[in-house]
Structures are given as structure tokens and as C-alpha cells.
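Asks: Can you look at this prediction? I've put the sequence above it.
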Amino acid sequence: MLRFIFTRLSLVIPTFIGITLLAFFLVRLVPGDPIETMAGERGIDAARHAQLLTEYGLDRPLLVQYGKYIERVVQGDLGKSIVTRENVLTEFGQLFPATIELAICAILIALIVGLPAGIIAAVKRNSIFDHGVMGISLTGYSMPIFWWGLLLILLFSVQLGITPVSGRIAVQYFIEPVTGFLTVDSLLAGDIDAFWSALSHLVLPAIVLGTVPLAVIARMTRSAMLEVLGEDYIRTARAKGMAPIRVVAMHALRNALIPIVTVIGLQVGALFTGAILTETIFSWPGVGKWLIEAISRRDYPVLQGGTLMLGVVVMSVNLFVDLLYGLINPRIRHAR
Amino acid sequence: MSTQTLNAPTAAPSAAPPHPVREFWTYFSANRGAVAGLVVIVLVLLCALFAPLIAPHEPNLTNNAVFLKPPFWQEGGSLSYPLGTDAIGRDILSRLLFGARLSLVIGIAVVALAIVVGIVLGLIAGYFKGIADIAIMRLMDILMTMPSLLLAIVIVAILGPGLMNAMLAVAIVVLPHYVRITRAAVIAEASKDYVVAAQVSGAQTIRLMFSEILPNCAAPLIVQATLGVSTAILDAAALGFLGLGAQPPTPEWGTMLADAREFVLRAWWVVTFPGLAILITVLAFNLLGDGLRDALDPKLKR
Amino acid sequence: MPLLEIENLSVEFPTSQGTLRAVDRIDLTLEEGEVLGVVGESGSGKSVTMLALMGLVGYPGRVRADKLRFDGRDLLTMSARERRQLTGKDVAMIFQEPSTSLNPCFTIGFQLAETLRKHEGMDNKAAKRRSIELLEQVGIPAPESRLKAFPHQMSGGMNQRVMIAMAIACNPRLLIADEPTTALDVTIQAQILDLLMSLQRERNMALVLITHNMGVVAETAQRIMVMYAGQIMEERKVDALFANPQHPYSAALLAALPERSEHATRLATIPGMVPGLNDRPKGCLFSPRCAYATDHSRNIQPELRDWADGRVRCHYPLGDPQRDAARARDEAGQATEAAR
């Protein structure tokens, strides 16, 4: 197990270097001069330009520049936003809880619906339920979620008027941030109305963001369960006279979880992809919307820092899932 | 006791197993979803090919008289604009038909580019191993770690918005799949007897890779390519929606949705139809890809 | 009353090219404490027959029988719940691949205790004590520490011992062993077989030993049933069959034994293959590979009939004094028919 952890950890380093390289070259590769790029559209005079060039070390060789960049990144200095003059890391820290709150709810929805649907589809394979689940999940998997979001707004917000169209919470509520999750914070503050407001803002974006992971999890669960249900040890469990529910829910699911967890882990990357679109549609004040706005404002330090941070987050989650995979798979856990 | 064998006077009248192509078709056609997908793709293809003939209007022709006209079955709609018009009086049906051209071209071009580069990189990685392999695969791992759309956005941010750059970005994003498949297939195939035999008989390395190994990893590549077209269409549309892909007034489905966003409260049709077009096309390619995988993968055959 | 009665048992699997009949009208009775050897090539329906008896033929297989009784209790009309109380307790089964037959995600101890908790209603402590006893009985050293082991940490032979321990945990009256030694090393094979036989004698349990090894049957079983393409070809006492096989297929299986061809330069083989879905003969299923087949046997399927203290499915059993005459008559009859 120790060796397993060590190998996984060592694989993180080249990935991290790759992400920093990507972020580093992002600004360098943009057509035009990096100082002008970073200064934005207001322009800059020649003397200030030369001064900044030295200040940022842009007159030094590329490798030295990269070294400097890494040095700053490791110290937590991701530069300042051109637009707001805020520290990029600070801004990221303020917006990230909103994205996480959304992402957690989305993955919860995906799990609560997707896992049982996949399991039942596998057990009742070729039944109407199975075909239905597979048809719906393939549709969900094919869904352009930016359109799906608009459709749900059309139905629930415009036609039925049940949910708000955008934002995280109605404007009249102010909740002191503790965890950064408005649903949790409003409960901590004891403000039930604020909680309902936050929840009603959350539900549509979470469904939209959860759609693709739900489809993937349902399909993966079904195929993993189908494979496991054909294994010899399932026959053994049935030969022992175990009840079908125990055979499925314990003997089969425990084994099927190993590939399923991997797939769920891989969905985290896809989740941030979806978050960019979902946050844009619902004006959800998270990092996805922040990044898209950064592009339209040509706020390159934000884009650079945000890309780096999201890359690191996804990398960390993947690492965590990898380790979890080792933990739930006895063959790895007990390997010397 | 001497050797005693039961002589079989007549060989068993064994029915010959079905021809591979026939067998493939048997499995494929039994999958109703896959056939439906194929039919839809052919229809979309026909729409795209004959768009100028079928479309009732020019896709970019604006008509001041008919802003946000609803579809024909609704009050105020007319058959001359069957699916209604958008905010500046363009016929939605015509734009969708021309959009089919764009989406198919995007999907196929992206996959073609990714598959060519992917095969080359995968062959190099799998056949030469060593440093080339490590370098290529680490790079692919990094590409796969990044959320796909974020990566595409970063690439477009570097290259500037536009349809060509968006396609290039999506091609880079989907590249790792093809590299991985090719590499895995090469490693599996390269150790098999027939490749060793070809090597012993003096076949050149390059020739060997393309003529002997590649045909044998065709099946997973075909499946991945089919599924890849759907990913490409979806991602390109997402970029278009974010304003980073095809630029207005190009009748690209994602871009049309971006234009339509502000009218979601007033005109459901400008929002509904482009998305439905994306969904149906992507779903068709996914159904076809699934069907191909089931028919080509002997492991799943019963 | 026999322990087990099976009448007219068939198992069918629908495939894309038609229905495959894996088990074809099997009749079988088994007495308390009896050891029955079931032999045949791969695909002859030996395992499926026994899986059907255990109620383990899964989707999309279909099981049909006129009678399926264990200890006088009708398995066909029994509820699924009642039947599960029987399987694993009174009827137990062990399989060919011990390493894949144990769940890789649970410890040996857990999997053993599971059976005991279910059928004997033991609590964890009692189950643990009994598990250690059982592991001792099947010859596993240091049983207490093995309880915490996972299947992948043990050898195939050890895993098969665990499977046996699990099967005998509730003192079954019938144990079905499906090629229990095939996947094991030769030296281990004999050990496992010895273990099975000594447990059988100690507990006087009935044992069905499925194998494709005639030698194993000769050493262990009292009665032997030869299966081919889902059908019973011959069934009688082991000594009788080994001395005078009545079915050409049984004779061919015996001829293929290495011990029987000591002086031969080559081992005897049976040409051809078990018929599949596409090439099932019209008449006797063995006729394409049979040296004695006639047009009659190629066209008309023989019925399983009582013959020489046993049963045989053949038009011309080897021990029949009139068989040459019968074959000549059938050939001639066929010839005159053709001439007409």
C-alpha cells in the first residue's frame, strides 16, 4: 500500500509541472507583448514598459522566467487581476466555495439517482426498465447542457415560476460566510427563509450540472454490475443460499464499486467543464463564470491563475480518487 | 493394447460460421438504437448536402417584417417560416439546415485531425517505447487531467476566438483518446506472432506499423472516432455558445443558442430548436458508436 | 426413498441463432451416501445439469423438469425462499476455479461465517469458532490467522480447501463437486480428492463428482454417468462400465485413458468435436464421431433404455450379441429403401 501511495504521489509531480507550464505559456503565447497584454487595453508608455520588463524579469532567458514563475506560484502569488486589482488567489478563494457547493450537489444528485438506476438496470437486464434507463442516460450523456439549462429555466422559472432564474440567493438576504456554502451558512445563521432561497437558487444549476455525470455513472454502474454478476464468486454466493438482494447489494456491488469509483473520479474534471457552462447560464458567481468573464475582459492574470488553480484542484481530486481506489481494492491494499 | 481410434467415417456436416461482415451486420442490425442512429445521421447528412435546395430562405437573410415570428402551428406563425424567425428576422429552419453542414464538418474535421495525429503519436509511443513513449504519454496525461472545456478555452484564449481555432482546440482536447487506443493496440499487437514473423521476414518498421499493426487496432479506433464526432460537435457548440467558437452571423448551432439566450423569456422557439438539433445529432452519433462497439467487440458477444 | 430424484430435466438457452439445449431430458436418482461420477467432454452439459439442480441457472437460461425432488421435497413447487434455505445447507456445491469462486473483496473468515450465520443462525463469535474448526478439518494450517486473509493471498489449493470448508459448513447431505481439481497442480489434485473422499465417508454424504477424467471416477465413484451433448449416453456401476462399456462413446473415453494405452505409441483420441448449435445431427448425437454409425442411427435418435443393469442410449450397444446382425439389417434396410 505504501509503495502504491508513493508511486501515485510521484506521478503527480510531472502533471503539476505540466499544468504550470501550460499556465506559464498561456500568457507568453498570446499574440503580442506580455506586458501590453497584462496592462490591458489602456496601453502603457515606453519607460514604464521597460521598467516592467525588468521588474517581471521578462528580459531574462525563458527558463529563468519559468523558475521565477514557479517560485511565485509556490509562495501563493498568482498575480493581480487587471480589472479589479485584486490578488488572483484571493478572488479564487472567494468564488471557489460557490463552485464547490454547486459541484457537490450535482455529484450527489448524480450518485443518488445514477447508482440505483444502474444497479437495477443490470439486475433486470433487457427489461423495459433497463432499456429506459439506458435510453435516458444516453440522452443525458448527449445533452448540450448549456441548452438543457435554458430549457429548464424556460420550464421551471418562466412557465411555472417555481425557481429563480439566476444567482445564488435573493438579494435581501445577507449571510455571514463561514463555510462559504450558502445553504450551510444560512442554516448556521438560523435563517430558514435564506436557506430556502439559497436552495431554490441551487436546485436547477445542480440538476443541469449533474446530468452528464448522472448518465455516465448510471451507464458505468450497469456495465460494471453486469460484468461482476457473471463472476464465479457470485455463483458461489448464490450457491450458499444467499438472498438475491444480499448477493447484489453486497457481493456484487462491493466489487463493482472499484471501477465505479474510478469513473466518478474522472467525472470531477468533466464537472468543472460543466461548471463553466452552468455558471454562465445561471449567473452563478463561481470560478467558471469568473474565468469566462476574464477571457472577454482579456484579464490574463486571472485566466492564468484560475487555470492553474483548477488544474491543481482536478489533479488533487484525481489523486484522492486513486488513493481511494487503492483503499477499496484489497488486492492493492494488501500488496506488499 | 494397441492404439485404437474411432474413425469418423463422415465429417460432421458443420454449417460454416457466418462471414465476418455478415456477422457484424447481424449484430449491428439487431441493435435498434444503432440503426436509428445511423438513419438519423444519414438524414442529417442529406440535410447538410442539400441545404441550399431545401432551405426556404438564405440563412443570413434578415427580414425586418418578421422579428421573432413563432413556428407555423402557433398563433401568428406562417408556413413560410416553419420554425419561426429569430430576433432579426432570419428563418430558423434555414439556419438549422445550414448549421447541419457546419456541425458535421466540425465533427468530422476535428476527429480526422485528432485521429491522424493520434495514430502517429500512438504508433511512435507504442512501437519505439522508451523516452518517446514516456514523453508522449505524460503529455497526454496532462491533457486529460485538465477539464476538457477549460483546456479548449485556454487554447482559444491563446489563439483568439473563431471557428477554426475552436476546432483546433477541440481536436487537441480529444487527442489523448486516440493516442492511448493506438498505443495500447500497438503494444498488444506488436508482441503477437504475425508481427514477429513479418519482422523476421524483413519487413521495414514503418511499413510494418502501417500495414500490419494498424488494421488490427482499427475496430476500437472506429468506435472512438464515431463517439469522438459527437464530443467534437458538443464541445464546438459549447465554445460557440460561450462566444469563443464560430462568430455571428455564422449559423452554427451553439452560436445560435448564444444569440437566443436573451430571448428565452419571450420566444421559446429560438432557444429550443438549435439545442434540439445538437441533441439529436449528438445522440445519433453516440447510438451509432455504442452499436459499433457492441458489434465489433467480441467480448460482449453472446 | 432416494435422496435425489430428477425426471426429464432440460435446460435451454436462447441465442441469436436459435435455442441451445444444453441439457436434454436427463433422468437421475441418487441414494443417500452414494458417490456418482459424471463424465463427458467440455460442453456436454454436466455442469449445467447440476447448476439447474442448485437453482443456479441464471438469465436467460430456462429450466424444465417433470420431477425434481430432494429428500422427497419438490424443488419445482417450492418458493424461492424455501429453496434458498436448502441450497448451501443440505445441498452444497464447489467449483472448478477456486480462486475466482471466492469473493476477492471479503476475507475468508467473512465468507465462511456468512454461510454459518445464514443457515445455522450462529452469532459472530460462534461462527468464528466453527470456521476455525472447519478450516482445521479441511487441513488448512494456522486456521485462526487465515480467517483474516483475502483469497488472493492464498494458493489455488488452499482456496479450494476453503471452498470445501464452506460447502461442508452446514453438514450437507449432497455435495456437488464440479471439476474440483481441474485448475490445480497435479500434486494438489490428489490431496483435494483424498480430502473430499474422506469427508464423504466420515459424513456419509452423497457426492456428485463432475469430471472429464475417467481415472478419477474409477478411484472414487460407485456409479458413473456418461454425458454427451446434453444427453445421458450411458449410466451404470463403475466396475461394470470400466470392464464392459456398452456405449461406443464410453468405450472411446476409456480408450483415451493413458493407463489403457501403455503399449501404444500414440494416445487414442476421439476425432471431431461435440456438436454445437449449428451442427446438431438429426439422429444419434454421437453418430458423426461413431465408428459404428449406420444410416439408421444417423437419422433416428436412440432412446435411453434400461440395459445390462444400467442404462444406455444406443441402437447397437457393444454388449449386445445381436448388434452385428442389427447393424447389417439396418444397413440393408436403408439400402433397399434407397434402391426403391
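Replies: Received it, and whenever you're ready, just let me know what you need.

Asks: Which residue is the nearest non-sequential neighbour of the residue in the stretch 51-200 of chain C positioned nearest to chain B?
Replies: Taking CB to the nearest CB, chain B has its nearest neighbour within the stretch 51-200 of chain C at C:P60, 8.8 Å off. Placement of C-beta: from N, CA and C, glycine included. Nearest in space to C:P60, with sequence neighbours left out and distances taken as CB to CB, 6 or more residues apart in numbering or on different chains, is C:P14 at 5.6 Å.

Asks: That neighbour belongs to a strand?
Replies: Yes - assessed with DSSP: H, G, I helix; E, B strand; the rest coil, C:P14 lies in a strand.

Asks: residues touching it, list them.
Replies: When contacts are counted by CB atoms under 8 Å, 6 or more residues apart in numbering or on different chains, C:P14 touches C:20, C:60, C:62.

Asks: Which neighbouring elements make contact with the lengthiest helix in chain A?
Replies: The longest helix of chain A (DSSP state H) is helix A:192-229. If you count contacts as 3 or more CB pairs under 8 Å, 6 or more residues apart in numbering or on different chains; DSSP states H and E, helix A:192-229 packs onto helix A:88-123, helix A:128-141, helix A:145-152, helix A:182-188, helix A:253-282.

Asks: Measure how buried C:L174 is and give me the count.
Replies: 24 (other CB atoms under 10 Å in any protein chain shown).

Asks: surely it meets C:N204?
Replies: No - between C:L174 and C:N204 there is no contact under CB atoms under 8 Å: 11.3 Å.

Asks: near chain A, which residues of the stretch 51-200 of chain C show up?
Replies: C:51, C:54, C:56, C:59-60, C:81, C:84-89, C:92-93, C:95, C:97, C:100-106, C:114-115, C:118-119, C:150, C:152-153, C:163, C:166 (CB under 8 Å from any CB of the partner chain).

Asks: Buried subset of those as a PyMOL selection?
Replies: Here is the PyMOL command that selects the buried residues among those (16 or more other CB atoms under 10 Å in any protein chain shown):
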select buried, chain C and resi 51+54+56+84+86+87+88+89+92+93+95+97+100+101+102+103+104+105+106+114+115+118+119+150+153+163+166
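
Asks: The residues of the stretch 51-200 of chain C next to chain A in strands, which ones?
Replies: Among these, DSSP state E puts C:92-93 in strands.

Asks: Go ahead and measure how far the helix or strand that contains A:K68 is from the middle of the chain.
Replies: Using DSSP states H and E, A:K68 falls within helix A:62-74. Relative to its chain's centre, helix A:62-74 lies at 27 Å (CA atoms, centre = their mean, to the nearest Å).

Asks: how about the helices in the stretch 151-300 of chain B?
Replies: B:163-190, B:193-200, B:205-207, B:218-241, B:253-260, B:268-296 (DSSP state H, counting those that start in this stretch).

Asks: what angle do the fifth one and helix A:145-152 make?
Replies: Taking axes from the mean of the first three to the mean of the last three CA atoms, to 10 degrees, helix B:253-260 and helix A:145-152 form an angle of 40 degrees between their directions.

Asks: repeat for the fourth one
Replies: For helix B:218-241 against helix A:145-152, the angle between stretch directions is 60 degrees (the same axes, to 10 degrees).

Asks: How far off centre is helix B:218-241?
Replies: How far helix B:218-241 lies from its chain's middle: 3 Å, per CA atoms, centre = their mean.

Asks: Burial check on the residue lying closest to B:I142 once chain neighbours are set aside, number of neighbours?
Replies: Taking CB to CB, 6+ apart, and ignoring the residues beside it in sequence, B:I142 has A:G18 as its nearest neighbour in space, at 3.5 Å. If you count neighbours by other CB under 10 Å, A:G18 ends up with 19.

Asks: just the one 4 residues further on next, same as before
Replies: Neighbours of A:L22 under the rule other CB under 10 Å: 20.

Asks: now for the strand or helix carrying it, which elements pack on it?
Replies: Per DSSP H and E: A:L22 is located in helix A:2-29. Packing contacts for helix A:2-29, counted by 3+ CB pairs under 8 Å, 6+ apart, involve helix A:34-39, helix A:62-74, helix A:300-328, helix B:130-145, helix B:148-159.

Asks: list the buried ones in that helix?
Replies: For helix A:2-29, the neighbour count (16+ other CB under 10 Å) marks A:4, A:8, A:11-12, A:15-16, A:18-20, A:22-24, A:26-27 as buried.

Asks: Mind picking the two most distant members of those?
Replies: Within those, two members stand farthest from each other by CB to CB: A:F4 and A:V27, at 37.2 Å.

Asks: Point me to the residue of the stretch 1-150 of chain A nearest chain B.
Replies: Relative to chain B, the nearest point of the stretch 1-150 of chain A is A:W147 (2.9 Å; CB to the nearest CB).

Asks: how many neighbours does that residue have?
Replies: 27.

Asks: ok, it - contacts?
Replies: Going by CB under 8 Å, 6+ apart, A:W147 touches B:257, B:271, B:274-276, B:278-279.

Asks: measure it to A:I153 for me?
Replies: For A:W147, the distance to A:I153 (CB to CB, to the nearest Å) stands at 11 Å.

Asks: In the stretch 201-336 of chain A, what residue comes closest to chain C?
Replies: A:G241 (3.2 Å).

Asks: tell me the contacts of that residue?
Replies: A:G241 neighbours (CB under 8 Å, 6+ apart): C:84-89, C:115, C:118-119.

Asks: for the residue nearest to it when sequence neighbours are not counted, phi and psi?
Replies: Spatially, and ignoring its direct neighbours in sequence, A:G241 is nearest to C:G88 (3.2 Å; CB to CB, 6+ apart). Phi and psi for C:G88, reported as degrees, to the nearest 10, are phi 90, psi -20.
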